[in-house]
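# please find the sequence and the predicted model below.
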Amino acid sequence: MCGRFTRDNGPVRADRLLSVLLLLQARGTVTAAEVAEEMEVSERTARRDLEALAMAGVPVYSQRGRNGGWRLVGGARTDLTGLTADEARALFLVAGPASAATPQVKAALRKLVQALPEPFRPAAEAASAAVVVDPMGWGHTRPAGEHPPPHLDSLQKAVVHGEQVDLGYVARSGDATTRRVHPLGLAAKRGVWYLVADTEAGSRTFRVDRVTSVDPTGEPVVRPDDFDLDAAWASVTAEVVARWSSVTARGLADPERLEIMRMVLGARLRIGPTTSDGRVQVEVEGGHPYGMAAELAGWGATLEIVEPAEMRDHLARIGAELVAAYG
């Protein structure tokens, strides 16, 4: 097995979300089919984009019936200066430069900042760098549900306004604590939200769905001079993957299954070059040889594990047990 392997992070279509929002403002009411035709995507993707805008705080709602569709609360608006402060903040949070938007959408956002009323501009500019969107899952956890956690909006405001908060939090162990934190940014990873913050004990990352309270203090955040949210989040994810992964399996995958493998295995999957037989070299990280074998056995013949030998032995035994049980 040789060649260069890269983690697949997938593109974040912040540019398309922004286009959908502008389409809503221009037309007033649109159907998922109309959005799909305009954006050249499937209706399912269009519906997901509309739902993503709503989850991000943009006032979009769906109305059923013969003349139904998706619309902005308050009706059609073609002037971005009609946005409220919260709407402007939501727009830049969902489609800001930190979300891996394309150069075109970044340029559009700079123009939109100038179109906003003067009081909204600082918050919009702060929001554009307040969130990093990571489309890949951890690989060993399921994505969160469709509804955002209850304290997400309060934390977004704290990050954008640069205000310290007293954070109530329940750890994985079940221990409940309250501590003062300096909110520095938010990360969304496959529907799971995280707060990146400074504390007395140093930099910490908190799962937002475990936050029990957010109490603003009125004190300004002390932001490290060299802080970069993208770099900070990359460091967090690398540390988690390294801590969880102790075994690397190398194999050959059917290229037609790569897309779903990316979705299921997330950051644990690295993709290499295509071999002479048309299959693709892959590497998968995990915590235990037998546990990984049990997990990867579900891919059947579409994923052949080449090494380590111990995992091949586990797979052979699991296969024999399955044949014995199911014939």
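Thanks, I have the structure now.
# residue boundaries of the strands in the chain?
Secondary structure of the chain (DSSP state E): strands located at 6-7, 29-30, 60-63, 69-72, 131-134, 163-170, 176-189, 192-199, 202-207, 211-220, 247-253, 269-274, 280-286, 303-307.
# tell me where the protein has helices.
Chain-ordered helices for the chain, with DSSP state H as the definition, fall at 14-27, 32-39, 43-55, 85-95, 103-115, 121-127, 152-161, 229-244, 258-265, 289-296, 309-326.
# list the buried residues for stretch 255-273?
258, 261-263, 265-272 (16 or more other CB atoms under 10 Å). Just so you know, the C-beta spots here come from the backbone N, C-alpha and C atoms, and that holds for glycine as well.
# most widely separated two among the residues you listed?
263 and 272 (18.5 Å; CB to CB).
# hmm, back to that, where does confidence bottom out across the buried residues of stretch 255-273?
Minimum pLDDT for these is recorded at residue 267 (76).
# residue 237 is in contact with that residue, correct?
Yes. Using CB atoms under 8 Å, residue 267 and residue 237 qualify as a contacting pair, with a distance of 6.1 Å.
# can you mark which positions in stretch 155-162 are buried?
By neighbour count, with 16+ other CB under 10 Å as the criterion, the buried positions of stretch 155-162 are 155-162.
# would TSV of the residues you listed with pLDDT be doable?
As requested, the buried residues of stretch 155-162 are arranged in TSV below (pLDDT from 0 to 100):
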residue	pLDDT
155	90
156	83
157	83
158	88
159	86
160	79
161	82
162	86
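# need the contact list for residue 193.
Residue 193 makes contacts with 144, 148-149, 152, 186-187, 207-209, as judged by CB atoms under 8 Å, 6 or more residues apart in numbering.
# so where's the stretch 1-150 of the chain uncertain?
Low-confidence regions of the stretch 1-150 of the chain, defined here as pLDDT under 70, cover residues 1-18, 26, 54-59, 64-67, 73-129, 134-147.
# CA atoms only for stretch 226-244, dumped as CSV, please.
Only the C-alpha atoms of stretch 226-244 are listed here, as CSV (Å, rounded to 0.1, in the frame of the first residue of the first chain):
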residue,chain,number,x,y,z
ASP,A,226,-2.9,35.0,17.6
PHE,A,227,-6.2,33.1,17.9
ASP,A,228,-7.5,31.6,14.7
LEU,A,229,-10.7,29.6,14.9
ASP,A,230,-10.0,27.4,11.9
ALA,A,231,-6.6,26.5,13.3
ALA,A,232,-8.0,26.0,16.8
TRP,A,233,-10.7,23.6,15.6
ALA,A,234,-8.3,21.7,13.4
SER,A,235,-6.1,21.1,16.5
VAL,A,236,-9.1,20.0,18.5
THR,A,237,-10.2,17.4,15.9
ALA,A,238,-6.7,16.1,15.4
GLU,A,239,-6.3,15.6,19.2
VAL,A,240,-9.7,13.8,19.4
VAL,A,241,-8.9,11.5,16.5
ALA,A,242,-5.4,10.7,17.8
ARG,A,243,-6.7,10.0,21.3
TRP,A,244,-9.5,7.7,20.0
